[in-house]
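Visitor: Sequence and predicted structure are below.
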Amino acid sequence: MTEYKISQTNQASVTVQEKELAQFRDLIYRIAGISMSPAKNSLVVSRLAKRLTHYGLTSYGEYFQLITAANKEAELQMAVDLLTTNETHFFREPKHFDFLQQHILPMRKPGKTFRIWSAACSSGEEAYSIAMLLDAVLEQAPWEVVASDLSSRVLEKARNGLYPIDAMLKIPPLYLSNYCLKGTGSQEGALLIERKLRERVQFKQYNLTETAPKIGEFDVIFLRNVMIYFNQDTKRQVVSSLLSLLRPGGHFFVGHSETLNGITKDLRLVKPAIYLKP
């Protein structure tokens, strides 16, 4: 039987058994469709450790019982948030943004609102990167960005638009000067997305494994760096659901380490990790 030991401030060491961690892995699969192998055990342990400390619990089994109790929906959401949040940054995989600017935007229909969905947007860096580009390139032409994620905690961070100052290193200088503010006083060491841009991005909570939300059709959908956590059946389900909201002639972006081979025949590859819906 595999056991892991961790130390918590003001508490004795906590021993967690493999069968306890398997309960959390099964829970995340049922709720979010995310397949977590035993190789992710250390992630489960580290991300939930502070919640055990918060409640003064001595085992992960106790915490699992707590979050699955009938009146603990808020704590269950907290646990899901902690286990499903992924690292991201501004203008990640920049070739995608180059393709959007150089090949997709010039072909848009004039006068029609250009819409992009940032699915699995995490803490909002991808959505704001898209918004900066659209505002700079389209100027007065109408556009919309919708961003969604399962985690209510990261969505709140995204709406606030407040990031560590180091985030500026990934933002092109022109966008940095036009759309970002450097924090002062109590916000020193932080970077704030300007209100005019924050108000142009709609953040919504959405579980990718559920029926597609009623949010209209899109010209572009970003679903990047999240399918690596799904098994093949879940990938097919998620992609099929999202494609129902992609307009014919629209583009679908996945992460550079991802592929839609064997997932769908409804898209045509045009560039690495970029697909077209005929």
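Guide: Looks like it arrived, so ask away.

Visitor: Now for Arg159: which residues touch it?
Guide: Contacts for Arg159 (CB atoms under 8 Å, 6 or more residues apart in numbering) come out as Gly124, Arg198, Phe203. Where C-beta positions appear, they are placed from N, C-alpha and C, glycine not excepted.

Visitor: Among those residues, which ones are in strands?
Guide: Those of the contacts of Arg159 mapping onto strands are Phe203, per DSSP state E.

Visitor: So which of the contacts of Arg159 wins on neighbours?
Guide: Ranked by neighbour count (other CB atoms under 10 Å), the contacts of Arg159 have Gly124 at the top, with 28 neighbours.

Visitor: Return the residues in contact with it.
Guide: Counting by CB under 8 Å, 6+ apart, Gly124 has contacts Ala147, Val154, Leu155, Lys157, Ala158, Arg159, Gly161, Val201, Phe203.

Visitor: In contact with the last one: list those residues for me.
Guide: Residues in contact with Phe203, defined by CB under 8 Å, 6+ apart, are Cys121, Gly124, Ala127, Ala147, Ser148, Asp149, Leu155, Ala158, Arg159.

Visitor: List the beta-bridge partners for it.
Guide: Ala147 (DSSP bridges).

Visitor: Please report how far it lies from Pro248.
Guide: Relative to Pro248, Phe203 is positioned 27 Å away (CB to CB, to the nearest Å).

Visitor: rewinding a little: most neighbours among the contacts of Phe203, which one?
Guide: Result: Ala127 is most packed of the contacts of Phe203 (other CB under 10 Å), 31 neighbours.

Visitor: can you count the residues close to the residue nearest to Gln187 when sequence neighbours are not counted?
Guide: Nearest residue to Gln187 in three dimensions, chain neighbours excluded: Leu162, at 7.2 Å (CB to CB, 6 or more residues apart in numbering). Neighbour count of Leu162, defined by other CB under 10 Å: 18.

Visitor: According to the record, where do the domains of the chain fall?
Guide: Listed domain ranges for the chain are 3-84, 94-160+196-276 (source: automatic domain parsing).

Visitor: Distance to Gln187 for those - can I get that in CSV?
Guide: Output for those, formatted as CSV (distance: least, CB to CB, whole Å):
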stretch, distance to Gln187
domain 3-84, 24
domain 94-160+196-276, 11
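
Visitor: Just put those in a markdown table and tack on mean pLDDT and distance to Met168.
Guide: Below are those laid out as a markdown table (pLDDT from 0 to 100; distance: least, CB to CB, whole Å):
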| stretch | mean pLDDT | distance to Met168 |
| --- | --- | --- |
| domain 3-84 | 81 | 26 |
| domain 94-160+196-276 | 95 | 12 |
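
Visitor: All the helices of the stretch 101-250 of the chain, in order from the start?
Guide: 125-138, 152-160, 173-179, 195-198, 232-243 (DSSP state H, counting those that start in this stretch).
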